[in-house]
Every structure is written in C-alpha cells, then in structure tokens.
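Visitor: Prediction below, plus the sequence it came from.
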Amino acid sequence: MVYPLSLHIFILVLLAAFTPSYQAPWAMRISCGARNDVHTAPTNTLWYRDFGYTGGYFTNATRPSFITPPLSTLRYFPLSEGPENCYHIDRIPHGHYSVRIFFGLVKDPTFDNEPLFDVSVEGTLVYSLSSGWSNHDDEQAFVEALVFLEDGSSTICFHSTGHGDPAVISIEILQVGNHAYYFGHEWGRGTILRTHRRLSCGAKAPKFDVDYSGNHWGGDRFWNSISTFGQNSDEPLTTKNAIKLSNKPNYYPEALYQTGLTSTDNEPDLTYTMDVDPNRNYSVWLHFAEIDPSVKGAGERAFDILINGDTVFQEIDVANMSGGVNSALVLNTTVAVSGRSLTITMHPVIGSHAIISAIEIFEIVRTEAKTLIEEVKALHKLKSALGLPLRFGWNGDPCVPQQHPWSGVDCQFDSVKVKWFIDGLGLDNQGLRGSLPDDISKLSHLQIMNLSENSIQGKIPSALGKLSSLEVLDLSYNFFNGTIPESLGGLTSVRILNLNGNSLSGRVPAALGGRLLHRASFNFTDNDGLCGIPGLPTCGPHLSAGAKVGIALGACAALLLVATCLTCWWKRRQNILRAQQIAARGAPYAKARTHFTRDVQLARHNNDNARTAAENGPILLS
C-alpha cells in the first residue's frame, strides 16, 4: 500500500514531538592563563580562555606529568597577591559534578621553591600537595572531587602555605549522575568524594583516558600506579585481553566500563597495598568481570575480600552475582583507616586464583558549613571601601576552610543555623583608607571591631548602632569627622569605646555618658570639638556645623554693615564741618551781596508800578 506524502510528514512530526529530548551534561573546561580558547588533540577538546575569574599572573606552563592535559599556559599566584586566591565560576546548573584541577610549574622546582599549597572546593579543604609531588609522573599532579553544586556557582581556591607559589594549568567541572558513587546513608550533599587512587588492574604502565565528551562519566577515567601484585612478587601479574564489559542495570546503573584485568596462577592471594592518610574514612570500589575463557558460568570461581585483614565480602562469585560471564560487578564498602596503609586482599575459595578489573579509592570528606552570605557580602563591601591591600587576600569564604580563615577576621559557628558568622574584626594599623560603608551593619554578630591607627576618613556611620552585640569598638587615631551618631547610645553591650585621636565635634550622646556609670571604658580625647561629659568641655547650645558657619557669616556681614555706616557718618560729618568753615571765612562778602540783591529787587518793583499806571491811563480824580 502506498501512503500519501502528507501522511509520512505527519508521522515524522508526531515522532519528533513525542521523542524525549536528551540534554547533554554540563561541562566547563578552563585553560588557565590562556588568552584565547584552545583545542587540544587528539579529541579536539575545547578549553575556554581564562578571563575574569581571579587574580594572579599568566605565564608559560611546565607540565609536571604526562597525564596533564597538553596545555601551554598557567596562572600562578605569588604570595604578594594574598594567601587565598580563587576561581569563582557562575551560571552552573544545580547538580552533581566532578571537579578536577591540574597543577603546573612556572619553572623546574627545587626543594626550596617547589609549590606546596592547599586546595579547597566550595570552602572544603580537599587536598594538600606534599613535598616531591612534582617529581612523580602520576596522579599527584592533580586533584579530583565529586561534589554537589546547588547555588548556581562553584568556588575553587588555592591557599598558600608559604612554600612556593600555587600554579594551575587547567580546571574541569563536568556533570555526572546525581546518584553516581552512592555509598550509603552518609552519602549526599554533606560529603565530598576525593579521588585518592585509581588502579587499572593489569595495565603495565600508567595511562590517561581520552573520554572528554562530557558524558555522565566524564572524569571517571582510569590510570594506574603499579602496586603489589601478589605476595612477595616484584613482577606484574598475568594480563588478560582488555574488552569493554556490559553492565548489569539492576545492580549498579552508573557503574563504569572497565578495560583491565589481573589474575595470578602463582599465588593463592591477590593483594594490593597503597599508602593513605591516617584517621580517615575511605570509600572502596572494586570492579569485577568474569572474562576468563576457562570459566563457563557460576560456581567455578569464588573468593573472599579482606581489607586491612578484616573480611568485608565472603565467597564472591562474579559470574553468579553479575548474571553471567562478561558482565560487570561493582562492590563498594566504607573503611575507617587509622594507620597509613590500606591493603586489599582477595583470597580464593573456589578455583585457583582471584580476578579483578579495577580499584577506586575515595576519601570521604565532610563538607564545611559556609559563612552567612549577607556577612560575606558585607566584608566584600568593606574590602572595597577601605582599599584593603592585596596581601590580605580576602577571597573565597571568610571562615572556611578552617585551616585558612581570612586575615583579621574571627569566626564562630552557629549550630542551629549550621552556618559560620563573623564575630570579630582586627584590622588595626594596616594603612587602610577610604570610609566605613553602611553595609557594616550587616555584620550583625560582630562583638569586637578594631580599626585603630589607620587613615579612615568621613563620618562614623549611624548604622553602627545596629550592631547590638558589639562589646569593643576602637576607631581611635583615624580621620573621622562630624558628630558622634546618637545611635551609638543604643549599644548597650559596649564595654570599650575608643574614639580618641580623630576630628570629631559636638555633644557626646547622653546615653553614652550614662554608660560611664556602668564601668564602661570610653576615650574621647584628642577631639577638639567634643563636649558634654566629664573630662570634656561643657557644651553651650548645641549647634550643628552648618549653624556655626551661618553664625560666622552673619557676624562678618554685621561687621561689614557697621563699618559701612561708620564710614558714611564720618564722611557726612566732614562735609558739615567743611561747610561751616567756609561760611565763617566769607561773612562780609556775603553781607554786601545780600544788600545789593535787596536794592535790585526794590528798583525792579518800582519800575513795575510805573509801567502799570501808564498802561492803565490817567488816574481819575475824586
């Protein structure tokens, strides 16, 4: 039957509409120190340029290990830039991620300048580089951790320990399955799994995978460090052919495909021994597959698994537990290690020898609680407003990791909110400038603040009055001006208040004066304009600075007016005196002139009368 073309198109549209879409896992790779995006062979992997993330300096990289990605630049952080330097990466979708950092070298190291520093992820210390790391061509050249990122960002910090400068070649943040490496009820958002060791069993040399596609298992790649293969044996054991194994979905959906296999016919036990840090908890993952051609099914091979001498799994039959040959089996257990070694032994129970594909060892790291976000923002505002020197750092979280708190910041833990908060600031005599921002009021748990002997200017912010827990406030020997805010009178917990050595003026708030009766220690000296409490001048009517300026201008205007009036009066007086002197000297002349004027007027009057009579005719006689 032939269907019309329109029907075919309709079917295709329906299939497209109802086919579930697949969203690729989120991936970010940064080539540290690169000014442009970089693609690396053989997979044409994209590494983004290093722009706008952190401080430090760019330079060419020296790769300490062949497993390090083939990148040619790095970013390093001299101690002059501060003890804490961080990459803060935004716009990361919520989820579970593999975070990997590769370290680099600015130059060939010596014992004195080999970079030794700590690495933290989301405020939790995950790795400390040990001496000699740069001389080992293995996994010591990087750190990898599985962590949940839920606030839309990731903060990765490098903490100087005073031995060399931290240097980083690359950073990878790759999304993995939300249930990847689930190890029990303690697993979750309160833990980080740090990769301690991976062994691709049977491989004769360390290797580095090329799985850069960013899939759900990006970052779970295998390289090995040759360990003890069998008791009293210095040679690698028999290596079987490497094949890609199928996975049993119902047992462990996110299990990795393994590619190596070791076994032995010479020794009954197969033993691996590796160094670990003492007094830590480790999550041990053992990957198996029955790919020995001589084994046809279940019941032909079984073995016990011992860790540090304790039996943790009994009679493991891989073919039976995985559902058949050539199928993957993954076993997991958590081990508390008190010593410095971890030994995994497989003791045959059925058959002549044990068989294993790969081993993964993760250290279980408890995540640190973070500092209250509003207080972190307030400290960043303070850092900017006071022009805090670079040597302070002040990057990342102020309180965690606990081994590296911010310089000059004291922290306390709130067990109810499960958060850290700031209870002390000690920044005295640090050459600080600028002014105090109003955001300082957001440090609501602050008990001690010492900013003395700096060059801080401007007015004391009234917002300080909101710090109800404040017990010690020392702002002495700065350049604060203006009046003391009335709000400081509300600091009922304050025991020590030092405002001496500034340019403050006006009346000390009455509430502060009353506190002196409660054995509080206040110092207001060396402020010429302050008044109102014992030890200071008595205040007159309290006038603001503007009022004082107005009065001064008014007084000047009044003086000018008085001077003008006096000048006018004096000139008028001089004119009068001059007129009197002239009148006294010319009296005879004035008198003669007066007589002449009178005679002229009389003659003119007579002439007028005569002319009138003639004009009117003769006078009539009576």
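Guide: Happy to help now that I have it.
Visitor: Report the secondary structure state of residue 98.
Guide: strand (DSSP: H, G, I helix; E, B strand; the rest coil).
Visitor: and it, what pLDDT?
Guide: Confidence at residue 98, expressed as pLDDT, is 93.
Visitor: Quickly note the distance from it to residue 193.
Guide: Noted for residue 98: a distance of 9 Å to residue 193, by Cβ to Cβ, to the nearest Å. In this view, the C-beta of every residue, glycine as well, is placed from N, C-alpha and C.
Visitor: ditto for residue 578
Guide: 110 Å.
Visitor: Please say which of those two ends up with more neighbours.
Guide: residue 193 (23 against 10; other Cβ atoms under 10 Å).
Visitor: Could you list the domains of this structure?
Guide: Following the TED database, the chain resolves into domains at 27-175, 195-366, 373-531.
Visitor: For the second one, what does the pLDDT average out to?
Guide: Meaning domain 195-366. Mean per-residue pLDDT for domain 195-366: 71.
Visitor: For that domain, measure first residue to last.
Guide: 14 Å (Cα to Cα, to the nearest Å).
Visitor: Next: stretch 532-549.
Guide: End-to-end distance for stretch 532-549, by Cα to Cα: 21 Å.
Visitor: what residues does stretch 74-83 touch?
Guide: The contact list for stretch 74-83 (Cβ atoms under 8 Å, 6 or more residues apart in numbering) reads 32-33, 50, 54-61, 85, 104, 106, 115, 158-160, 162, 165-169, 390-395, 404, 407.
Visitor: Please narrow those to those residing in strands.
Guide: Members of these lying in strands (criterion: DSSP state E): 57, 58, 59, 60, 85, 158, 159, 160, 162, 167, 168, 169.
Visitor: would CSV of the residues you listed with pLDDT be doable?
Guide: Formatted as CSV, the ones in strands among the contacts of stretch 74-83 follow (pLDDT from 0 to 100):
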residue, pLDDT
57, 93
58, 93
59, 93
60, 92
85, 95
158, 96
159, 96
160, 94
162, 88
167, 95
168, 96
169, 95
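Visitor: Buried ones among those?
Guide: Neighbour counting by 16 or more other Cβ atoms under 10 Å classes 85, 158, 159, 160, 167, 168, 169 among the ones in strands among the contacts of stretch 74-83 as buried.
Visitor: and which of those is nearest residue 198?
Guide: Within those, the smallest distance to residue 198 is 19.8 Å, found for residue 169 (Cβ to Cβ).
Visitor: which residues sit in contact with the closest residue to that closest one other than its chain neighbours?
Guide: Closest residue to residue 169 apart from its sequence neighbours, by Cβ to Cβ, 6 or more residues apart in numbering: residue 104 at 3.8 Å. The contact partners of residue 104, taken as Cβ under 8 Å, 6+ apart, are 32, 61, 62, 63, 64, 68, 74, 76, 167, 168, 169.
Visitor: per-residue confidence at the closest residue to the third one other than its chain neighbours?
Guide: Once its chain neighbours are removed from consideration, residue 62 has its nearest residue in residue 105; the separation is 4.0 Å (Cβ to Cβ, 6+ apart). On the pLDDT scale, residue 105 is placed at 90.
Visitor: ok, residue 105 to residue 74 distance?
Guide: The span separating residue 105 from residue 74 equals 8 Å under the rule Cβ to Cβ.
Visitor: do the same with residue 491
Guide: Residue 491 sits 49 Å away from residue 74, going by Cβ to Cβ.
Visitor: more crowded one of those two?
Guide: Neighbours were counted for residue 491 and for residue 74 using other Cβ under 10 Å; residue 74 has more, 28 against 22.
Visitor: Quick check: residue 557 is in a strand.
Guide: No. Residue 557: not assigned to a strand; according to three-state DSSP it is helix.
Visitor: now the domains of the chain in a markdown table, with distance to residue 563?
Guide: Formatted as a markdown table, those follow (distance: least, Cβ to Cβ, whole Å):
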| stretch | distance to residue 563 |
| --- | --- |
| domain 27-175 | 63 |
| domain 195-366 | 83 |
| domain 373-531 | 30 |
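Visitor: What residues sit buried inside stretch 525-539?
Guide: Buried residues in stretch 525-539, counted by 16+ other Cβ under 10 Å: 527, 529, 530, 531, 532, 533, 536.
Visitor: Could you find the closest non-adjacent residue to residue 68?
Guide: In space, residue 68 is closest to residue 102, 5.1 Å off (Cβ to Cβ, 6+ apart).
Visitor: ok, now residue 296?
Guide: Leaving aside its sequence neighbours, residue 296 sits nearest to residue 325 (Cβ to Cβ, 6+ apart; 7.2 Å).
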